[in-house]
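Chemist: Give me a 3D structure for the following:
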Amino acid sequence: MGKITFKNITFGDRIPKICVPIVGRTDEEVLAQSEAIIKEAERLEALGLRAYPVAEIIEFRADYYDHVTNQTLLTELLGKLRKQHPDRLILFTYRSEEEGGELRHDRAENMIDDISAWAMVSGYIDLLDIEVLSGNYRVVRNSTKARDLGIGVVMSYHNFEKTPHNNNMEDLLWDMEQLGGDILKIAVTPKNHFDVDRVLELTEAVTRGHSSHPISRPVVIISMHPLGAVTRTAGAKTGSAFTFATVGQGSAAGQLTLEDLIRKLD
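Modeler: Predicted coordinates:
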């Protein structure tokens, strides 16, 4: 598995990075959650629980934000987040309803391309989430624009019904890389411990170059819900490039708190 670096943070080095989502609906909620992350990270760093930075990535879940269809307000908010987190990576995500997003009005769902473009040209984000199943033309257009602007692409796929067959997930990772993904992310739903074990084994096989398709980009493979919690903490062994933790409200079932995650990672 290859390595890739954004703002001095390297993915694919078998040191799992930590991403904390922000899911506020208003500017006040978003900035309050952002400040809470800063304070919690400072508290945990002071405890010396981890030799590496505590929260390298902030994910702004734009599908939660009430004013996401207003370019001016969205850009201003991203600027405030950038000011609060000058050294962290900001991952911009608009999650669709089909893949678990917080859909509240059709207008935003129909404006995903515009919203992503606004985020990219703002100059305030480092990474952009693109759903691989949103259509090859859209995916390539957005990934190309991101690359031209020096923004990394987290190519993603979410399945809230099952854990697909390993061959299907390998094919999906291959497609993600060919379509311009810099970091390839799959999140699936386990029905039993066998599904969780398959995710762990597949992740390690891919990151060590033992998969049916040679994958040269960092990967993130998560088994969601409490049943799959081990996949969120096993990155040092499996090679999964980053994982998610919560400070306050989370964005997906099974996410651990930032402190619990760090203690388990160590």
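Chemist: so where do the helices sit in the stretch 1-150 of the chain?
Modeler: Under the criterion DSSP state H, counting those that start in this stretch, the stretch 1-150 of the chain carries helices at the ranges 27-47, 71-84, 106-109, 112-122, 136-148.
Chemist: Strands along this structure, start to end?
Modeler: Ranges of strands in the chain, per DSSP state E, are 4-6, 9-11, 17-22, 57-61, 89-93, 127-131, 152-158, 183-188, 219-223, 242-246, 256-257.
Chemist: so who does Q255 touch?
Modeler: With contacts defined as Cβ atoms under 8 Å, 6 or more residues apart in numbering, Q255 is in contact with R232, F244, A245, T246. Using the backbone N, CA and C atoms, a C-beta is placed for each residue, glycine as well.
Chemist: any low-confidence regions in this protein?
Modeler: Counting by pLDDT under 70, the ranges of the chain that qualify are 1, 103-107, 249-254, 266.
Chemist: Quick one: residues contacting E102.
Modeler: E102 makes contact with V23, R61, D63, Y64, R95 under the criterion Cβ under 8 Å, 6+ apart.
Chemist: There's contact between S223 and N192 in this structure, I believe.
Modeler: No: under the criterion of Cβ atoms under 8 Å, S223 is not in contact with N192, lying 10.6 Å apart.
Chemist: So those two - more neighbours on which side?
Modeler: Using other Cβ atoms under 10 Å, the more surrounded residue of S223 and N192 is S223, with 25 against 10.
Chemist: Between the contacts of E102, which sits nearest P214?
Modeler: Checking the contacts of E102 against P214 by Cβ to Cβ gives R95 as the nearest, at 29.2 Å.
Chemist: what's the burial count for the closest one?
Modeler: So R95, with other Cβ under 10 Å, has 22 neighbours.
Chemist: Count the neighbours of the nearest residue to it once chain neighbours are set aside for me.
Modeler: Counting by Cβ to Cβ, 6 or more residues apart in numbering, the nearest residue to R95 once its immediate chain neighbours are dropped is G101, at 3.3 Å. G101 sits with 21 neighbouring residues when counted by other Cβ under 10 Å.
Chemist: Would you mind confirming that G101 makes contact with I112?
Modeler: No: look at G101 against I112 with Cβ under 8 Å: they stay out of range, at 9.5 Å.
Chemist: Need the overlap of contacts for these two.
Modeler: Y94.
Chemist: Spatially nearest residue to L73 (excluding sequence neighbours)?
Modeler: Closest residue to L73 apart from its sequence neighbours, by Cβ to Cβ, 6+ apart: H67 at 4.2 Å.
Chemist: OK, contacts around that neighbour?
Modeler: H67 neighbours (Cβ under 8 Å, 6+ apart): D27, L73, L74, L77.
Chemist: Mind telling me the two of the residues you listed farthest from one another?
Modeler: Longest distance between any two of the contacts of H67 is 10.1 Å, between D27 and L74; criterion Cβ to Cβ.
Chemist: out of those two, which sits in the busier spot?
Modeler: For D27 versus L74, neighbours defined as other Cβ under 10 Å are more numerous around L74 (21 against 15).
Chemist: E201 - how many residues pack around it?
Modeler: Neighbours of E201 (other Cβ under 10 Å): 13.
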